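1. Need the 3D shape of this:
(4 chains)
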4 protein chains.
Amino acid sequence: MAKELVDVQNRKANHPITIDHVGIKGIKYPIQVFDKKRGFQHTVAEVAMFVDLPSHYKGTHMSRFIEILSTVDGEISVKMLLKILRRMKEQLNAETSKIEFHFPYFIEKIAPVSHSKAYVDYDCTLTATLKKHFSYILKVIVPVHTLCPCSKELCNVSAHNQRSYVSVTIEARSVIWIEDIVDIVEQNASSPIYSYLKRTDEKYITEYAYNHPMFVEDIVRAISAEFEKMNDLNYFNIEAENMESIHNHNAYASIERRMKD
Amino acid sequence: MAKELVDVQNRKANHPITIDHVGIKGIKYPIQVFDKKRGFQHTVAEVAMFVDLPSHYKGTHMSRFIEILSTVDGEISVKMLLKILRRMKEQLNAETSKIEFHFPYFIEKIAPVSHSKAYVDYDCTLTATLKKHFSYILKVIVPVHTLCPCSKELCNVSAHNQRSYVSVTIEARSVIWIEDIVDIVEQNASSPIYSYLKRTDEKYITEYAYNHPMFVEDIVRAISAEFEKMNDLNYFNIEAENMESIHNHNAYASIERRMKD
Amino acid sequence: MAKELVDVQNRKANHPITIDHVGIKGIKYPIQVFDKKRGFQHTVAEVAMFVDLPSHYKGTHMSRFIEILSTVDGEISVKMLLKILRRMKEQLNAETSKIEFHFPYFIEKIAPVSHSKAYVDYDCTLTATLKKHFSYILKVIVPVHTLCPCSKELCNVSAHNQRSYVSVTIEARSVIWIEDIVDIVEQNASSPIYSYLKRTDEKYITEYAYNHPMFVEDIVRAISAEFEKMNDLNYFNIEAENMESIHNHNAYASIERRMKD
Amino acid sequence: MAKELVDVQNRKANHPITIDHVGIKGIKYPIQVFDKKRGFQHTVAEVAMFVDLPSHYKGTHMSRFIEILSTVDGEISVKMLLKILRRMKEQLNAETSKIEFHFPYFIEKIAPVSHSKAYVDYDCTLTATLKKHFSYILKVIVPVHTLCPCSKELCNVSAHNQRSYVSVTIEARSVIWIEDIVDIVEQNASSPIYSYLKRTDEKYITEYAYNHPMFVEDIVRAISAEFEKMNDLNYFNIEAENMESIHNHNAYASIERRMKD
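-> Residues are numbered from 1 along each chain as shown, chains lettered A, B, ... in the order given. Purely as a prediction, here's the structure:
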């Protein structure tokens, strides 16, 4: 005879300790993200969802995370995030709910001379939390071109240069567009990078970068100076990592600031 | 004074050797893939594009790959693949053109008892080639549940089980749906897996799997037997990899068959 | 005529902002790590090295990190870490120096019944910092076997089980052995896992796990309870992630505590 | 009462199909590899081991792979490989046995001007097979520096350059040293790369690379020309992949040749 479908999770815990995060990780889902220019764009996210768990419950109900995720139909806006986070708190009896989306975001870049157009992808992570108040952390990784100032001065010709990844992580009190973060980073590197470049563009970028040599140190300082001017930031962390073209390892620098808790 | 924009790639090669593949790798692009149920689905692909290069040319024109990719607007169908591959051959003076899309494909799975619905992602790679004729290779990785037959017989209760990944790679002369490959794999594992399961489903799956224990060897043989019956296949490779739950390493089996060149 | 070999890094910065971390990442190096049983073991680490940079220097001297790393000859002990960190502070004029080693650590595990022996690898990260005082953070990821308590109660036979990864991150005021962390974790999972198991062991483990069902919640609580008893800890973070065998996503729980700054 | 420890694997298969590969994947093990200069070097490998399985056996005995691996004590030489492969064939009743080691290999590189020394890691995969005869495939990935010939000609100053990875895969009838493969690759790139470089070296490399611009096409052709001269090769595949510094994607070329089966 079949057993009764007992609810083990509702039982008492052996060790009555509050759990900070309990939930699911590593589920892929199709989503639509706000796009400054096009309204929405389709992409794919790896999603994580967590709540806290009071000390007296043995376990959370894992299937409810998926239930909530599957009903929102993949539209990611501030309004929708709030709806998801509220449902998580309600249906899982939690004081804190958290959801994380890790996704590529596509921006159509226009080459500097030929004006050729093609998408470049930016690796983004959006983490939204609802405790008493709503807050979010956005991380954007921007690929750029860097040319070494030291190499330029040492050499009679040329200078070593490379692809670099600049990561910007912010906690803000208002909506900040991914496009605006990308712009700030690109203006503070040796050059932006592109998917589609013709010969005229390649000439322009190479020469432009030679005239704008930057260390990882220069990049994180210049970008920090921009973010320090912003009013609505609680926190930022700026990281630059050069895939050094003369080494098999990377050069790295980071600046982290908390303005407000 | 500015230099003339010379075309270095058109020069003679120092070593006049034919190159099998020359092109681009690792570009991410938003695409739309044929969906058996919904017509099309939006997803994101990592793309590679190659042509061959005759021995007398120094180099290919890398920017033309992106130019072609950016104009097709991301719709991936057999018709569109043919169009892309033909343009690659024409614009790059090649005898062979090849394009590869690596993307997650989403299928809404329905839980066996509660009929709850949510997406599961399947890791797919589609490689299409145009030489004299068009051909394509499709690889689909299907996550499944496996329960060890040996453990079941040894133990008085239970049996170790785990998540497994079954990879099916086929070269076919007609269109084969991703959905149909997933179905064949799932019918030949201890159980399909799902994103959204309620308690009734969990009970059903666990007991079903206990009644359908399978080794990696059993899985690749059973699936091979299915693919051997198909008419339009030139080639298949079936791989099963169990993330063994009692080990920190995996169990693996594979069967590869070429029916026709 | 050749240029003078100028020292660009010693120049003034355009943006006089203090940089938290500047250094190198992603270099692989052969190392020897303290082994509780065998004295030392040979392994391979991915290394990162950072210092802080005062606001008035334009850049750090990246080559000095490698110079220091290459002279220590790969022996990683507390004594050697202190030596490296002191040299980093001196040679790079820094107030804080930090070094990180990410490496597999091998423990010969003995099967519970047959006593068969083979290595299991544990993913470890050791981060040592010298500011005024020396401190270190150690993260160890321990693969274990977990069996679902809910599934056990629901089902007439069997229960879904899987490989899980438990991560323990500690900041301690004395040396804590990797072996001891592994022991604590393994005693608080459904079962340890092994590389080399005979049929008698497989039977033992499967039945043992069936009698010790645990949620991710149970695991992080039970392990936290152990670490809370320790005297020399400043901080711990316990994470458990189940590679759920009936899903293509993972179940996760974490508990983080700071006892002392 | 305890069940008898049945040997399920020895039973008859439901689908009597020969399996090409059955075995284990993803186990990490400490090994010692032949080193041209130092005799042996310690490193860490991810190991895979396979045999074929005749159609009439239900399954292989997975634990025997680990048993064999754990008794050889990690020394990887041709003599030892033969011993392992013979034992695999014997103990698993197979016609073909195969073992694969994927490991970082360290070479102490000497900077071109300052003669500073430090290790660079090379990603290697050694696959050895025993059927009637012994054969092996070695893949070595060599990081190099490349400077774009097109960019050099277009620009009044500088040229974009980047880190590149050249992969050499060979099947040989005699022992070929990893060191010799690395040498051939480095002599056919814009410049070798190093871990430890002083300012004099950086100047030398940057200027040397500017005088040796190379496309991915040039690299694979020049290296192929070298390997075509070798007597003891059955097969080679040369691949070059540039992490393009002005793009977020890579340029790629490959040449594959089979001289003898």
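
2. Can you give me the distance of residue A:22 to residue A:57?
-> Remark: distance between residue A:22 and residue A:57 (C-beta to C-beta, to the nearest Å) = 9 Å. From N, CA and C alone the C-beta is placed, and that goes for glycine too.

3. With neighbour numbers in mind, choose between those two.
-> In this view residue A:22 and residue A:57 are compared by other C-beta atoms under 10 Å in any protein chain shown, and residue A:22 has more residues nearby, 28 against 21.

4. Surely that one is in contact with residue C:242?
-> No - the criterion here is C-beta atoms under 8 Å, and residue A:22 misses it with residue C:242 at 11.5 Å.

5. any shared contact partners between the two?
-> By C-beta atoms under 8 Å, 6 or more residues apart in numbering or on different chains, residue A:22 and residue C:242 have these common neighbours: C:216, C:252.

6. Pick out the residue of the stretch 151-261 of chain A closest to chain B.
-> Using C-beta to the nearest C-beta, the single residue of the stretch 151-261 of chain A nearest to chain B is residue A:196, 4.3 Å away.

7. Setting the sequence-adjacent residues aside, check what's closest to that residue.
-> Take residue A:196 and drop its neighbours on the chain: the residue closest to it by C-beta to C-beta, 6 or more residues apart in numbering or on different chains is residue A:118, 3.6 Å away.

8. just residue A:16 next, same as before
-> In space, residue A:16 is closest to residue A:55, 4.1 Å off (C-beta to C-beta, 6+ apart).

9. any idea how far the one you found is from chain D?
-> From residue A:55 across to chain D, the span is 38 Å (C-beta to the nearest C-beta, to the nearest Å).

10. cool, and residue A:170?
-> On the measure of C-beta to the nearest C-beta, residue A:170 and chain D end up 22 Å apart.

11. quick one on the thing from earlier: with just CA atoms, put the helix or strand hosting the residue nearest to residue A:196 into CSV.
-> Assigned by DSSP states H and E, residue A:118 falls within strand A:117-130. What follows is strand A:117-130, C-alpha atoms only, in CSV (Å, rounded to 0.1, in the frame of the first residue of the first chain):
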residue,chain,number,x,y,z
LYS,A,117,27.1,47.1,-37.1
ALA,A,118,27.1,43.8,-35.1
TYR,A,119,26.4,42.5,-31.6
VAL,A,120,28.9,42.3,-28.8
ASP,A,121,28.0,40.3,-25.8
TYR,A,122,28.4,41.5,-22.2
ASP,A,123,28.4,39.0,-19.3
CYS,A,124,25.9,40.3,-16.7
THR,A,125,24.7,39.2,-13.3
LEU,A,126,21.7,40.8,-11.6
THR,A,127,21.1,39.9,-8.0
ALA,A,128,17.9,41.3,-6.4
THR,A,129,17.0,41.0,-2.7
LEU,A,130,13.9,41.8,-0.8
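
12. pLDDT of it, averaged?
-> For strand A:117-130, mean pLDDT is 97.

13. ok, now stretch A:85-97?
-> Averaged over stretch A:85-97, pLDDT sits at 96.

14. For that stretch, which residues meet the burial criterion?
-> Using 16 or more other C-beta atoms under 10 Å in any protein chain shown as the test for burial, stretch A:85-97 gives A:85, A:87-89, A:92, A:94, A:96-97.

15. Up against chain D, what does the stretch 51-200 of chain A have?
-> A:120-121, A:143, A:145, A:147, A:150-151, A:154-163, A:191, A:193-195, A:197, A:199 (C-beta under 8 Å from any C-beta of the partner chain).

16. So which residues on the stretch 151-261 of chain A come close to chain C?
-> Residues of the stretch 151-261 of chain A lying close to chain C (C-beta under 8 Å from any C-beta) are A:153-156, A:215-218, A:220-222, A:224-225, A:241, A:248-256.

17. Mind doing that once more with 6 Å?
-> Residues of the stretch 151-261 of chain A lying close to chain C by C-beta under 6 Å from any C-beta of the partner chain are A:153-154, A:215, A:217, A:221-222, A:224-225, A:249-256.

18. and those residues, which of them are in strands?
-> The strands, defined by DSSP state E, take in A:250-256 from these.

19. Just the buried ones from the residues you listed, in PyMOL syntax?
-> In PyMOL, a selection of the buried entries from these looks like this (16+ other C-beta under 10 Å):
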select buried, chain A and resi 250+251+252+253+254+255
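
20. quick one, helices of chain A?
-> A:62-71, A:78-91, A:149-154, A:178-186, A:199-210, A:216-228 (DSSP state H).

21. Redo those helices as JSON lines? Include distance to residue C:230.
-> Below are the helices of chain A laid out as JSON lines (distance: least, C-beta to C-beta, whole Å):
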{"stretch": "helix A:62-71", "distance to residue C:230": "30"}
{"stretch": "helix A:78-91", "distance to residue C:230": "34"}
{"stretch": "helix A:149-154", "distance to residue C:230": "47"}
{"stretch": "helix A:178-186", "distance to residue C:230": "42"}
{"stretch": "helix A:199-210", "distance to residue C:230": "53"}
{"stretch": "helix A:216-228", "distance to residue C:230": "37"}
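
22. can you tell which of those helices is closest to residue B:233?
-> helix A:62-71 (34.8 Å; C-beta to C-beta).

23. Contacts only, for residue A:215.
-> A:149, C:59 (C-beta atoms under 6 Å, 6 or more residues apart in numbering or on different chains).

24. Distance check, it against residue A:82.
-> 41 Å.

25. How about residues contacting stretch A:118-132?
-> A:81, A:85, A:96-109, A:135-141, A:195-196, B:28, B:66, B:70, D:248.

26. Apart from its chain neighbours, what residue comes closest to residue A:213?
-> residue A:149 (3.8 Å).

27. For burial, what's the neighbour tally of that neighbour?
-> There are 22 residues near residue A:149, going by other C-beta under 10 Å.

28. could you check the distance from it over to residue D:204?
-> From residue A:149 to residue D:204 the distance is 18 Å (C-beta to C-beta).

29. before we move on, what about residue A:144?
-> With the distance defined as C-beta to C-beta, residue A:144 ends up 27 Å from residue D:204.

30. So for these two, which sits in the more crowded spot?
-> Set side by side, residue A:144 and residue D:204 show more neighbours around residue A:144, with 27 against 19, by other C-beta under 10 Å.

31. ok, and what's touching stretch A:224-236?
-> Residues contacting stretch A:224-236 (C-beta under 6 Å, 6+ apart): A:170-174, A:184, A:238, A:255, A:257-260, C:15, C:17.

32. what's the closest of the residues you listed to residue D:5?
-> Residue D:5 has its nearest neighbour among the contacts of stretch A:224-236 in residue A:171, at 58.0 Å by C-beta to C-beta.

33. Number of residues surrounding the closest residue to residue A:154 other than its chain neighbours?
-> In space, residue A:154 comes closest to residue D:203 once its chain neighbours are excluded; the distance is 4.2 Å by C-beta to C-beta, 6+ apart. If you count neighbours by other C-beta under 10 Å, residue D:203 ends up with 21.

34. before we move on, what about residue A:221?
-> 26.

35. for it, what are its contacts?
-> By C-beta under 6 Å, 6+ apart, the residues touching residue A:221 are C:15, C:17.
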